Structures are given as C-alpha cells and as structure tokens.
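Enquirer: the sequence isn't on hand, but the structure is:
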C-alpha cells in the first residue's frame, strides 16, 4: 500500500513538474512573440521615418522660392523702372497663375494697367510673359523675368508712382506639386493646396 501511495505521489510530482515546465515554455513563447511584435513595429516605424526623411530631403533639393520685386532709378530725367520675378530657390518653379491688380481691381495686360495709372499717356515698353512658364532656379546663374519695363522716363515715373497701388500675385508649384502664393514686395510665400485659376481674372501678357 505504501509503495502504491509513493508511486502515485511521484507521478503527481512529475505531472506538476511537467505542467510547470509547460507553463514556463508557454510564457517564454508568449514573451518571444511579444518581443518579435515590438521589434517589428519598431522597425516599421523606423523605416517610415527614414522614408519620410528621404522624401523631405528630396523635396528640399528641388524647392523653388519665387520673389516679385522691382528695379528702379529715380534720377530726375532718367527715371527707369521694371517689375521683376526671380526664383531664388534650388528647383524649378512652375508658374500656374498670375494676377496684376491696381487699387484691388485685376487687369489682363500692361496696356490696361497703364491706362489706369496714367490715362493721359500711351503705353510702350518691353514685356515678358510669365503665366505658364517654368522658371529655373538662380543657382550659379541669374534667371530673372522682367514682366514690364517702360521705355521712357515719363512712363517709368508713372509706374514708380503707382507702386503702392499695384499688387502682383503669382502662384507657383514645385515638381512635387507643392504650391505657394507670393505677392509683390513680400518676402514670405504662403503655402496653398493648389493654384486656383478658374473663376479668377488672369493676367495674360
């Protein structure tokens, strides 16, 4: 009888040991599974961060920065003036939209603009079309578009006098279709979702 009880006790202890080892094995497997999951999530997030960083660097490497300024000479009798557009970034700028306003009213060409600012004179001068062009960056070279350059001191003086009344707006995009809106004589370009053309009075000259 004692031998039977001893045998049963031994079997129970062995079963308990096996159960304990089984529990330990299950716990270890669960721990390894959780560790593998955490490692996988970390690697995934790390790859996403690296991808985002590479995309940011790629965008920065072709980032355009358009400015609208003026050249002028106020010497009496030798007045000269021009509105100029520069791309001071490191990538090309696709010009999508151009507006020229005087006193808040949009106009389609420089003849209409000049008729507003100097109704007693007739416009003559050099003009360059901007709408729809791709403006290259000024890296290692000067790339300037002079939108308008009147050909007499009198006409130049009329443009100079009208500067506070004149607003030029240019909307442009990078090769990644990131877009910005810039206004004349402002240094801060405003990011926009897209360049709106439909329903706006576009400057065509």
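Expert: Nice, I can see it. Bear in mind that the values here come from a model prediction, so they are computed numbers and not experimental data. Residues are numbered from 1 along each chain as shown.
Enquirer: ranges for the strands of this structure?
Expert: 66-73, 80-87, 93-102, 105-107, 125-127, 134-135, 144-150, 166-173, 179-183, 190-192 (DSSP state E).
Enquirer: adjacent strands (with direction) for the fourth one?
Expert: Strands flanking strand 105-107 in the sheet, each with its direction: strand 93-102 (antiparallel) (DSSP bridges).
Enquirer: excluding its backbone neighbours, what's nearest residue 133?
Expert: Leaving out its chain neighbours, the residue that sits closest to residue 133 by CB to CB, 6 or more residues apart in numbering is residue 95, at 5.3 Å. In this view, the C-beta of every residue, glycine as well, is placed from N, C-alpha and C.
Enquirer: let me fix that: residue 194
Expert: Closest to residue 194 by CB to CB, 6+ apart is residue 179, at 5.6 Å.
Enquirer: distance of the closest residue to residue 110 other than its chain neighbours from residue 202?
Expert: Using CB to CB, 6+ apart and skipping the chain neighbours, the partner closest in space to residue 110 is residue 148 (5.0 Å). Going from residue 148 to residue 202 by CB to CB, to the nearest Å gives 16 Å.
Enquirer: the two: which is more packed in?
Expert: A count of neighbours by other CB atoms under 10 Å puts residue 148 above the other of residue 148 and residue 202, at 22 against 14.
Enquirer: the more buried one and residue 84 touch, don't they?
Expert: No - counting by CB atoms under 8 Å, residue 148 sits too far from residue 84 to count as a contact (9.3 Å).
Enquirer: residue ranges with poor pLDDT in this structure?
Expert: Scanning the chain for pLDDT under 70 picks out the ranges 1-23, 25, 27-28, 31, 41-44, 46-60, 139-141.
Enquirer: any idea how it splits into domains?
Expert: The domain map for the chain lists 1-61, 66-192, with the assignment taken from automatic domain parsing.
Enquirer: would you turn the ones you listed into TSV with distance to residue 198?
Expert: Formatted as TSV, the domains of the chain follow (distance: least, CB to CB, whole Å):
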stretch	distance to residue 198
domain 1-61	27
domain 66-192	10
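Enquirer: any idea which of these is most buried?
Expert: domain 66-192 (a mean of 17; mean count of other CB atoms under 10 Å).
Enquirer: tell me how far that one lies from the chain's centre.
Expert: Remark: domain 66-192 is offset 21 Å from the chain centroid, using CA atoms, centre = their mean, to the nearest Å.
Enquirer: picking that back up, dump the strands of the chain to CSV, plus distance to residue 33.
Expert: Shown next, in CSV, are the strands of the chain (distance: least, CB to CB, whole Å):
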stretch, distance to residue 33
strand 66-73, 54
strand 80-87, 55
strand 93-102, 51
strand 105-107, 65
strand 125-127, 71
strand 134-135, 54
strand 144-150, 63
strand 166-173, 48
strand 179-183, 47
strand 190-192, 45
